[in-house]
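# Got a predicted structure here, sequence first:
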Amino acid sequence: MMTNLFSSFDPTSNFNFSMNWISICLGLMFIPISMWFIPSRLTLLWNKINLTLHKEFKILISNKKSQGSTIIIISLFSLILFNNFLGLFPYIFTSTSHLILSLTLSLPLWLSFMIYGWINNTTHMLAHLVPQGTPSILMPFMVCIETISNIIRPGTLAIRLTANMIAGHLLMTLLGNTGPNLNVYMINLLIITQILLLILESAVAIIQSYVFSVLMTLYSSEVN
């Protein structure tokens, strides 16, 4: 029995070993072996998705020297997408609903972009701290504001992903806990509502992985 509503997101352990975090790689088990060897419709569909993402991220990066960097972003998109969808299945741990995973994805990438930018394009990075057309008297304040907004970027990325995944799961948990106390007609209405929420959460799983990847691509384009 849950002691509070958020305890459903707490990692549990078996034999003093946390099994929940294995769900990060669990998505690979759902991919059929034939996908890796025989060109199938699933392979063609996934290649089409990757090619579309590659073209879009390439436009966002807009730097010919950064060829191949879209592979990192597409891999990031795939990892988040798999984990978001796995969290929709019953009794499977939603790893993206924890900051320990989302910060692990956002912080190292953002830090590597910042280190690369300040070492190789110092003048360009300093110019980003003062927007064009800023009055001289406001320049010190704009530098402080831009610095703070730059520092909190990995945190906002992680919190956005975590909060969106938690919100839908909490709503479905709240509605699911009211089921035993309802009559037959209300249970039918509850089932329809849960199905609609599940469809909404499927869309959120795709959108949040896409937003995370696009924002990370935009952050990387600023350092070039």
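Okay, I see it.
# how about low-confidence regions in this protein?
Applying pLDDT under 70 to the chain flags the ranges 1-21, 27, 32-36, 38, 63-67, 224.
# now the helices for it?
Under the criterion DSSP state H, helices of the chain are mapped to 34-37, 41-61, 70-86, 99-120, 122-128, 139-151, 153-177, 184-222.
# Out of those helices, which is closest to Ser23?
Evaluated over those, closeness to Ser23 peaks at helix 70-86, with 5.8 Å, by C-beta to C-beta. To be clear about C-beta, it is placed using only N, CA and C from the backbone, and glycine gets the same treatment.
# And that closest one, what's buried?
70, 72-74, 76-86 (16 or more other C-beta atoms under 10 Å).
# Then stretch 189-207?
For stretch 189-207, a neighbour-count test (16+ other C-beta under 10 Å) marks 197, 201, 204-205 as buried.
# Looking at those residues, which is nearest Asn50?
Set against Asn50, the nearest of the buried residues of stretch 189-207 by C-beta to C-beta is Ala205 (17.7 Å).
# which residues sit in contact with the residue nearest to Phe57 when sequence neighbours are not counted?
Excluding the flanking residues, the one nearest Phe57 by C-beta to C-beta, 6 or more residues apart in numbering is Thr70, at 4.4 Å. Applying C-beta atoms under 8 Å, 6 or more residues apart in numbering to Thr70 gives the contacts 53-54, 57-58, 61, 217.
# Report the buried members of the residues you listed.
Buried, going by 16+ other C-beta under 10 Å: 53, 57-58, 61, 217, out of these.
# Need the max-distance pair from these.
Leu53 and Ile61 (12.1 Å).
# can I assume Val143 is in contact with Ala127?
No - in terms of C-beta atoms under 8 Å, Val143 does not count as a neighbour of Ala127; the distance is 11.2 Å.
# The two: who's more crowded?
Using other C-beta atoms under 10 Å, the more surrounded residue of Val143 and Ala127 is Val143, with 14 against 11.
# about what we covered before: to Ile22, which of the helices of the chain lies closest?
Closest among these, using C-beta to C-beta: helix 70-86, at 10.9 Å.
# May I have that closest one exported as PDB, CA atoms only?
Coordinates of each C-alpha in helix 70-86 appear next as PDB, following Å, rounded to 0.1, in the frame of the first residue of the first chain:
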ATOM      1  CA  THR A  70      23.000  14.600 -35.500                       C
ATOM      2  CA  ILE A  71      23.600  11.000 -34.600                       C
ATOM      3  CA  ILE A  72      24.100  11.900 -31.000                       C
ATOM      4  CA  ILE A  73      20.800  13.900 -30.900                       C
ATOM      5  CA  ILE A  74      18.900  11.100 -32.700                       C
ATOM      6  CA  SER A  75      20.200   8.600 -30.300                       C
ATOM      7  CA  LEU A  76      19.100  10.800 -27.400                       C
ATOM      8  CA  PHE A  77      15.700  11.100 -29.000                       C
ATOM      9  CA  SER A  78      15.400   7.300 -29.300                       C
ATOM     10  CA  LEU A  79      16.500   6.700 -25.700                       C
ATOM     11  CA  ILE A  80      14.000   9.100 -24.300                       C
ATOM     12  CA  LEU A  81      11.200   7.900 -26.600                       C
ATOM     13  CA  PHE A  82      11.700   4.200 -25.600                       C
ATOM     14  CA  ASN A  83      11.800   5.000 -21.900                       C
ATOM     15  CA  ASN A  84       8.700   7.300 -22.100                       C
ATOM     16  CA  PHE A  85       6.700   4.600 -23.900                       C
ATOM     17  CA  LEU A  86       7.900   1.800 -21.500                       C
END
